[in-house]
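1. Quick one: sequence and predicted model below, then my questions.
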Amino acid sequence: MESLGEVLKSWPAGGGMNAQADKLMAELLADPLVRQFRAEHPELDNRDIKINLNRVYQYVKEQGHCAACPGLERCPNDFQGHYTVLECETLNGSVQLYDRKAPCAKLAARQTEQSIRTRIRSFYVDESSLHGGFSADDIMNTDPERMLAVGRLFSYIKTTKERGLQQKGLYLVGHFGTGKTFLMCYMLHELAKAGLSGVIVYMPEFVEDLKAMLDEPARLRETVELMKQTDLLVFDDIGAENLNPWVRDHVMGTILNYRMNRKPTFYTSNHDLEALERHFSFTNKDGDEAHKGQRVMDRIRPFVEKVWVNGENKRGR
């Protein structure tokens, strides 16, 4: 449907214009949308419609576009992702007709998804895992062997949405490729919908990048501060990194010391907690330092619930 301005330009001058106007008026009055609107507002008469012909025309045109929506990117309405809404009220005995632009469902969904994305930061984690779309049914049915772990994750998400941030996080442990990272991404995505911020960090690459940050102190401070302050922090594949004393004591220690008793921290690992303590107790530089490994674990073990993630290796499938 053309704009009313384009329609008017095509009309003949003189009496022909009046005939065309009467025809357009009759078409609008017969339109189901206008008939429904008038049924809801019986105070409207034909004169009110005629005075507000442009508003009514725009309303019908854009509602028609939405009924046959070609997609948000190809939205033909004047303002992408918006449609005209009519409102009517009576002031001092005079009927007034107003129009406004309202966002459509597709635009609202996009804005919600963009809002979710801004709440989640990832370091070295595949973005497709973080924002690739999630289905609770798919997660439940992908592998029956990990059903208990999925159930516990769903319960954690539900409790957090109802009661706010929990004191403890989750420690997902299991063999390679059982979907531990994916489950953590699902949790971040779901809780971002509830307004919580999240960060997920792939530990092997993060530790290597930290060494480069020694020459960028401002970037290092910003990164550490982000991990301290975010609502939900996930250390992905912890125990697989090439650890050094500085990362363990001054980076990990600082972050975990701040978060304990404040905000939950989450982990995925192929190592159980005892093996992770041995990992933190030995570095290539200083050798065996059991007390320092225990110090880190004192900031992890009491603040997590261990969840075994069983199942088949799904990588490459």
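-> Structure's in. What do you need? Numbering: from 1, shown residues only.

2. how about the nearest residue to Gly253, chain neighbours excluded?
-> Val296 (6.3 Å; C-beta to C-beta, 6 or more residues apart in numbering). Quick note: C-beta positions are derived from backbone N, CA and C, even for glycine.

3. Quick check: phi and psi on that neighbour?
-> Dihedral angles of Val296 (phi, psi; degrees, to the nearest 10) stand at phi -70, psi -40.

4. And it, how far from Val234?
-> 17 Å (C-beta to C-beta, to the nearest Å).

5. Pick out whichever of those two has more residues nearby.
-> Shown here are Val296 and Val234; by other C-beta atoms under 10 Å, Val234 has more neighbours (29 against 21).

6. now the more buried one, which residues is it bridged with?
-> Ile200, Phe266 (DSSP bridges).

7. how would you label Leu86: helix, strand or coil?
-> When classified by DSSP: H, G, I helix; E, B strand; the rest coil, Leu86 comes out as strand.

8. can you pull the contacts of it?
-> Phe37, Arg55, Val56, Tyr59, Leu97, Tyr98, Asp99 (C-beta atoms under 8 Å, 6 or more residues apart in numbering).

9. Show the contacting residues for Val56.
-> Leu28, Val34, Ile49, Leu86, Leu97.

10. Kindly confirm my reading that it is in a strand.
-> No: with three-state DSSP as the criterion, Val56 is located in helix rather than a strand.

11. which stretches of the stretch 151-300 of the chain have low pLDDT?
-> The model of the stretch 151-300 of the chain has pLDDT under 70 over residues 283-287.

12. Which parts of it are helices?
-> Here the stretch 151-300 of the chain has its helices, by DSSP state H, counting those that start in this stretch, at 180-193, 203-213, 217-229, 245-246, 253-259, 273-280, 290-297.

13. you'd agree the residue nearest to Gly253 is up against Val251?
-> No: under the criterion of C-beta atoms under 8 Å, Val296 makes no contact with Val251, lying 10.8 Å away.

14. Do a quick rundown of the strands in the stretch 1-150 of the chain.
-> All strands of the stretch 1-150 of the chain, identified by DSSP state E, counting those that start in this stretch, fall at 82-91, 94-103, 120-123.

15. Most tightly packed of these?
-> strand 120-123 (a mean of 19; mean count of other C-beta atoms under 10 Å).

16. Can you name every helix or strand that it contacts?
-> Secondary-structure packing of strand 120-123 (3 or more C-beta pairs under 8 Å, 6 or more residues apart in numbering; DSSP states H and E): helix 127-131, helix 180-193, strand 198-202, helix 203-213.

17. Which phi and psi values does the residue nearest to Ala290 when sequence neighbours are not counted adopt?
-> Distances taken as C-beta to C-beta, 6+ apart put Ser281 closest to Ala290, at 4.7 Å, once the chain neighbours are dropped. When quoted as degrees, to the nearest 10, the phi and psi of Ser281 stand at phi -90, psi 0.
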